[in-house]
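Chemist: coords below, sequence missing:
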């Protein structure tokens, strides 16, 4: 294999591969990136069996061939090269990779390309074409509340539901929860090539995180394919294959309250800034934010047994209900406000009492619903 390629084109797929490769096993094939040079293109593939990333970039292929090299090492070498340089990569019969750029050259020990597993699933599954920004926005609003507890595999991913919503339209729904909070986002989308079939799958959080890397590109659309136990996301130059979590997602609608007895509307930015200031005393077990809600104001308080306490008040022009005091993990409230559109001016909080779930929504962003469970005061 002998190929010449611009550093800028080379660094993007290598960056995307970093979240897929197994960095702990430096000599394992799962820590490697599989390279194939042919027909004027360089193809990159990385996998950990659950997530498989494939990317294609244009290149000058002097000698077609394949190579298998540690993905982290190759990324570090290429990243350190000056911007704008042409990079030449050569692989000899002993699987040693030579990387040249100007007067600099590097050698990386590789493995036999045939050792790389055949993990890319091909076939003609159900598919639909969607707007990338719309899907990316939904993923942003749900990925943050996915559970990291491996003992609860059903919660280790984002639930994706697709249902017909009319000719060439689909109702998209993403839901995630870690048991302490829940995120639910619904959108109606134009779906090219959609045949009206309903789909329901759980996308593992690692696959969803890598999907965010793909969404950083300038591609306008994304194609979703359902192939057996895998769901595949395809953009112009990248393909991400994710194994579905074969578990039953909890009945999330039972967790979402219909309407609370207390409803307060407050400036989103003012609330977030106040919580951040008050929670500067939060550490370890001292992460209880006390929130006193009453007509005209919200009082925020945090107490640290060793350091002291913090208090702040916000004016609330729109309040409906009786006074109530409730406790929250401040990080949960900050993260919810952080994933909402930055242009939103206000959010509403609804709850019934100090023991009931708190419903967080924004009138300016219909279809986005968040639930945060309270903490005992």
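Modeler: In hand now; what should we look at? Quantities reported herein were computed from a predicted structural model and do not represent experimental measurements.
Chemist: Near the residue lying closest to residue 126 once chain neighbours are set aside, how many other residues are there?
Modeler: Closest residue in space to residue 126, ignoring its immediate chain neighbours: residue 226 at 4.7 Å, by C-beta to C-beta, 6 or more residues apart in numbering. Where C-beta positions appear, they are placed from N, C-alpha and C, glycine not excepted. Counted with other C-beta atoms under 10 Å, residues neighbouring residue 226 total 19.
Chemist: quick one, phi psi at residue 226?
Modeler: Main-chain torsions, residue 226, degrees, to the nearest 10: phi -110, psi 110.
Chemist: Helix or strand for residue 278, just tell me which one.
Modeler: Element membership of residue 278, judged by DSSP states H and E, is helix 268-278.
Chemist: Excluding chain neighbours, what is closest to residue 140?
Modeler: Using C-beta to C-beta, 6+ apart, the nearest residue to residue 140 is residue 339, at 5.5 Å.
Chemist: what's near enough to touch the one you found?
Modeler: 140-141, 144, 183 (C-beta atoms under 8 Å, 6 or more residues apart in numbering).
Chemist: Also residue 51?
Modeler: Residue 51 neighbours (C-beta under 8 Å, 6+ apart): 19-20, 204, 206-207, 210, 240-243.
Chemist: Ok, residue 37 next?
Modeler: 1-3, 43, 59, 61, 63-66.
Chemist: tell me which residues in the helix or strand harbouring it are buried?
Modeler: Under the criterion of DSSP H and E, residue 37 resides in strand 32-38. Using 16 or more other C-beta atoms under 10 Å as the test for burial, strand 32-38 gives 32-37.
Chemist: got TSV for the residues you listed, with distance to residue 305 and pLDDT too?
Modeler: Shown next, in TSV, are the buried residues of strand 32-38 (distance: C-beta to C-beta, whole Å; pLDDT from 0 to 100):
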residue	distance to residue 305	pLDDT
32	50	94
33	50	96
34	54	96
35	56	97
36	60	96
37	62	96
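Chemist: Can you show me the helices along the stretch 101-250 of the chain?
Modeler: In the stretch 101-250 of the chain, the segments counted as helices under DSSP state H, counting those that start in this stretch are 132-143, 205-214.
Chemist: any idea which of the ones you listed scores lowest on pLDDT?
Modeler: Least confident of the helices of the stretch 101-250 of the chain, judged by mean pLDDT, is helix 205-214 with a mean of 89.
Chemist: Now do it: distance to the chain's middle.
Modeler: 5 Å (C-alpha atoms, centre = their mean, to the nearest Å).
Chemist: try stretch 132-142
Modeler: 8 Å.
Chemist: next one: stretch 1-8
Modeler: 30 Å.
Chemist: again, but for stretch 219-227
Modeler: Worked out by C-alpha atoms, centre = their mean, stretch 219-227 lies 16 Å from the chain centre.
Chemist: Then stretch 352-367?
Modeler: On C-alpha atoms, centre = their mean, the centre of stretch 352-367 falls 23 Å from that of its chain.
Chemist: Who wins on neighbours among the contacts of residue 339?
Modeler: Most surrounded of these: other C-beta under 10 Å gives residue 183, at 28 neighbours.
Chemist: That residue contacts residue 361, correct?
Modeler: No: between residue 183 and residue 361 there is no contact under C-beta atoms under 8 Å: 11.5 Å.
Chemist: Give me the common contacts of these two.
Modeler: Contacts common to residue 183 and residue 361, judged by C-beta under 8 Å, 6+ apart, are 369-370.
Chemist: so where's the chain uncertain?
Modeler: Within the chain, the stretches with pLDDT under 70 are 23-27, 123-124, 284-285.
Chemist: Nearest residue to the residue most central in space within it in space, please, no chain neighbours.
Modeler: Nearest to the mean C-alpha position of the chain, by C-alpha atoms, centre = their mean, lies residue 209 at 3.5 Å. Of all residues beyond its chain neighbours, the one nearest residue 209 is residue 19 (6.1 Å), with distances taken as C-beta to C-beta, 6+ apart.
Chemist: Which of the contacts of residue 37 ranks first by neighbour count?
Modeler: residue 3 leads those on contacts (other C-beta under 10 Å) with 25 neighbours.
Chemist: No further queries at this time; thank you.
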